[in-house]
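*Asks:* Predicted model, plus sequence, below.
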Amino acid sequence: MSHNVTTEEVSKGFGMKDMIVTGVFAALILILSASVGGVFAINPMLTFFFPMGAALLPGPVFMLYLAKVRKRGGLSIIGIVIAVLVFITGMHWGMAVGSVVCAIIADLVSGSKNYADKRVNVLAYIIYSFGTSGSYIAFFANPDAWARFMIGNGTTQEYINTMKEVATGYTILWMLAGTAIVAALSGGVGCHLMKKQFEKAGIVA
């Protein structure tokens, strides 16, 4: 990844091409997140592994997006698009809020180095990956309110009862720590691929 990106280039507004690319990458990131995270989410005994599963595959795509569209607000838009999609598919509103908030923070962090610093971009991906934890943070903050909302969206009482049984006071800590570790590894792989594959193939400059 080039480190010669100027602030002026980054600050240029979004064009139609940028919007299309951003939409495509948002869809790719969502599909990759759901493909692994969803495996855990369907089982109430494993559901707290969802954020870790969701962070496993999108790292390389996330890094490629930062290389292709170095524009302020890009990650924020991805977060908003994904938030809308997860909400309308019946996920808890906490995940939608988390997706937006963490994407905006990730945007600011990566943008502080013009989206060109690999280590900062990995940090941004870690922050972004915390977004899916929003639903679980809401669960621990108010289990009964969380349950009422999810039952209204079709989740069974049996599923929720099992969640409450397996949850402990340390669950949220290892969930967030595990998500950070998985995201760091995925982001690191993304940076490696950027150097070894994407740049050689001419996918990025």
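*Replies:* It's in.
*Asks:* Please count neighbours and contacts with C-alpha atoms only from this point.
*Replies:* OK.
*Asks:* Show me the residue sitting in the middle of the chain in space.
*Replies:* The centroid of the chain falls nearest to Ser129 when counting by CA atoms, centre = their mean (3.7 Å).
*Asks:* show me the contacts for that residue.
*Replies:* By CA atoms under 8 Å, 6 or more residues apart in numbering, the contact set of Ser129 is 51, 54-55, 102, 179-180, 183.
*Asks:* do Leu46 as well
*Replies:* Phe40.
*Asks:* The residue nearest to the centre of the chain and Glu165: what is the separation?
*Replies:* Using CA to CA, to the nearest Å, we find Ser129 at a distance of 26 Å from Glu165.
*Asks:* quick one on the thing from earlier: in helices, which of the contacts of Ser129 fall?
*Replies:* 51, 54-55, 102, 179-180, 183 (DSSP state H).
*Asks:* Which pair in those has the greatest spatial separation?
*Replies:* Ala54 and Cys102 (14.2 Å; CA to CA).
*Asks:* Rank the helices and strands of the protein by mean pLDDT and give me the bottom one.
*Replies:* Every helix and strand of the chain was ranked by mean pLDDT, DSSP states H and E. The lowest is helix 199-201, at a mean of 58.
*Asks:* Is it correct that Lys71 is in contact with Gly13?
*Replies:* Yes - at 7.2 Å, Lys71 counts as touching Gly13 under the criterion of CA atoms under 8 Å.
*Asks:* who has more neighbours, those two?
*Replies:* Lys71 (22 against 11; other CA atoms under 10 Å).
*Asks:* Assign that one to one of the three secondary structure states.
*Replies:* Per DSSP: H, G, I helix; E, B strand; the rest coil, the secondary structure class of Lys71 is coil.
*Asks:* mind starting the numbering at 10 from now?
*Replies:* Right, with 10 as the first residue, what we last looked at is Lys80.
*Asks:* Can you tell me, leaving aside adjacent residues, what's nearest to it?
*Replies:* Once flanking residues are discounted, Lys80 sits nearest to Val19: 4.6 Å by CA to CA, 6 or more residues apart in numbering.
*Asks:* so where's the longest helix in this protein?
*Replies:* Criterion DSSP H: the longest helix present in the chain is helix 25-50.
*Asks:* got the buried residues for that helix?
*Replies:* Across helix 25-50, burial judged by 16 or more other CA atoms under 10 Å covers 27, 31-32, 34-36, 38-43, 45-47, 49-50.
*Asks:* quick one: that helix to chain centroid distance?
*Replies:* 9 Å (CA atoms, centre = their mean, to the nearest Å).
*Asks:* Can you list the helices and strands that that helix packs against?
*Replies:* With contacts defined as 3 or more CA pairs under 8 Å, 6 or more residues apart in numbering; DSSP states H and E, helix 25-50 has these neighbours: helix 59-65, helix 68-77, helix 83-97.
*Asks:* Tabulate those (JSON lines), appending distance to Gly196, mean pLDDT and mean neighbour count.
*Replies:* Formatted as JSON lines, the helices and strands packed on helix 25-50 follow (distance: least, CA to CA, whole Å; pLDDT from 0 to 100; neighbours: other CA atoms under 10 Å):
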{"stretch": "helix 59-65", "distance to Gly196": "9", "mean pLDDT": "98", "mean neighbour count": "27"}
{"stretch": "helix 68-77", "distance to Gly196": "4", "mean pLDDT": "94", "mean neighbour count": "22"}
{"stretch": "helix 83-97", "distance to Gly196": "15", "mean pLDDT": "95", "mean neighbour count": "20"}
